[in-house]
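K.L.:
Show me how the following folds:
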Amino acid sequence: MRGPLLLAARTRAAALAAVAALAAALPFTTARAAAAPAGLAVEVSGASYAEYDAGSGTWVLRGSPVVIAWSAARLEAAEIRYDERRGLAEASGGVALRQETLVLRAARAAAWLRRHLVVAEEGVEVTVRRGADEVRLTAARVEADLAKRQVAAGGDPVLTFRQMRLAGRRLEFDGAAEVGTAAGDADLTLPEGRLQAGRIEARLVDERATAEDDVRVSAGDLLAHAPLAALDGRAAVVTLSGGVVVRRGADTLTAEVVTVDLRARRAAATGGPRLVLGGPGQ
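P.N.:
Numbering: from 1, shown residues only. So this is what the prediction gives:
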């Protein structure tokens, strides 16, 4: 075959027949396409338009949607440009990636099929089913390692699970461990209160979290500040340590360790507690 091969099908039946003919001549499998990455088998469906450039080994596929499937993953979009030599699929227009319990949606995405890596941009939403619950992550940009079930997000990332909301400048979610980690202005919000820190790690399986680096806790008019904190989300209790300062109105409590009940908005201190009631002149 010399030069680019161009196919423009006007009907769905003609399109499917033409794509099938092209696949027979240049299939997306290593058995017949030596340029494709070793061990990579790709299945295409839903294409109403297909264009192949033999010189670059690149397909342009369009459909409503066109679908590329490999291993346990499935990539859908209005248009997919697939470089069979690099195993790279670049998708645009209503992109959806599905693998087991994970669904990723975005305006555009690039998928390195052999490495099981995906980078998605513009209005990205990732949902992961967890029994009857769902983990939801939104961001401007997401990198997903499908093999490790790990997601890293930037651009105002937010992760929600049940009544928990976790945000930060960068957010990572480990699907295997069911752990979400926010770094840089990390913020974890519950109905009963709010936990802020430089870094927060939240374990979804038992709704617990740890925080470090300039930790702040707020519940109504109660404000607490410490280097470290541990949260029991189900009990809505935070234990702060490392030298804690708690303020409520004009009253100030200092101690080595303070436990804050977010629902009751009550603090209990241990380790040399000192309480100052009221400010100067009161």
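K.L.:
Low-confidence bits of this structure, can you list those?
P.N.:
The chain contains residues with pLDDT under 70 at 1-39, 279-282.
K.L.:
all helices in it, in order from the N-terminus.
P.N.:
Using DSSP state H, the helices of the chain run over residues 12-25.
K.L.:
how about A106, what does it touch?
P.N.:
95, 120-125, 142 (Cβ atoms under 8 Å, 6 or more residues apart in numbering). Where you see a C-beta, it was placed from the backbone N, CA and C, and this is true even at glycine.
K.L.:
So among the residues you listed, which ones count as buried?
P.N.:
95, 120-121, 124, 142 (16 or more other Cβ atoms under 10 Å).
K.L.:
circling back to that earlier point, closest one of the contacts of A106 to D83?
P.N.:
V95 (16.9 Å; Cβ to Cβ).
K.L.:
What distance do you get for the closest one to V119?
P.N.:
As judged by Cβ to Cβ, to the nearest Å, V95 and V119 stand 11 Å apart.
K.L.:
For L253, which non-adjacent residue is closest in space?
P.N.:
Leaving aside its chain neighbours, L253 sits nearest to V246 (4.2 Å; criterion: Cβ to Cβ, 6 or more residues apart in numbering).
K.L.:
Contacts only, for that neighbour.
P.N.:
Contacts of V246 by Cβ under 8 Å, 6+ apart are 222-225, 252-255, 258, 260, 267, 269.
K.L.:
Report the buried members of the residues you listed.
P.N.:
So, by 16+ other Cβ under 10 Å, the buried ones in these are 222, 224-225, 253-255, 258, 260, 267, 269.
K.L.:
that older thread, kindly state the beta-bridge partners for the residue nearest to L253.
P.N.:
A224, L253 (DSSP bridges).
K.L.:
then stretch 196-214 to CSV, C-alphas only?
P.N.:
Extracted in CSV, the C-alpha atoms of stretch 196-214 (Å, rounded to 0.1, in the frame of the first residue of the first chain):
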residue,chain,number,x,y,z
GLN,A,196,-7.6,22.4,56.6
ALA,A,197,-3.9,21.7,56.3
GLY,A,198,-0.9,21.5,54.0
ARG,A,199,-1.6,17.9,53.4
ILE,A,200,-4.6,15.6,54.2
GLU,A,201,-4.8,11.9,53.6
ALA,A,202,-8.3,10.4,53.8
ARG,A,203,-9.1,6.7,54.0
LEU,A,204,-12.5,6.1,52.5
VAL,A,205,-12.9,2.5,53.7
ASP,A,206,-13.3,3.7,57.4
GLU,A,207,-13.8,7.4,56.8
ARG,A,208,-10.7,8.4,58.7
ALA,A,209,-8.1,11.1,57.8
THR,A,210,-4.8,12.4,59.0
ALA,A,211,-3.6,16.0,58.5
GLU,A,212,-0.2,17.7,58.8
ASP,A,213,1.4,21.1,58.2
ASP,A,214,-0.5,24.1,59.7
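K.L.:
So in terms of bridging, what pairs with V67?
P.N.:
S45, E76.
K.L.:
Compute the number of surrounding residues for it.
P.N.:
Here the number of neighbours of V67 (other Cβ atoms under 10 Å) works out to 18.
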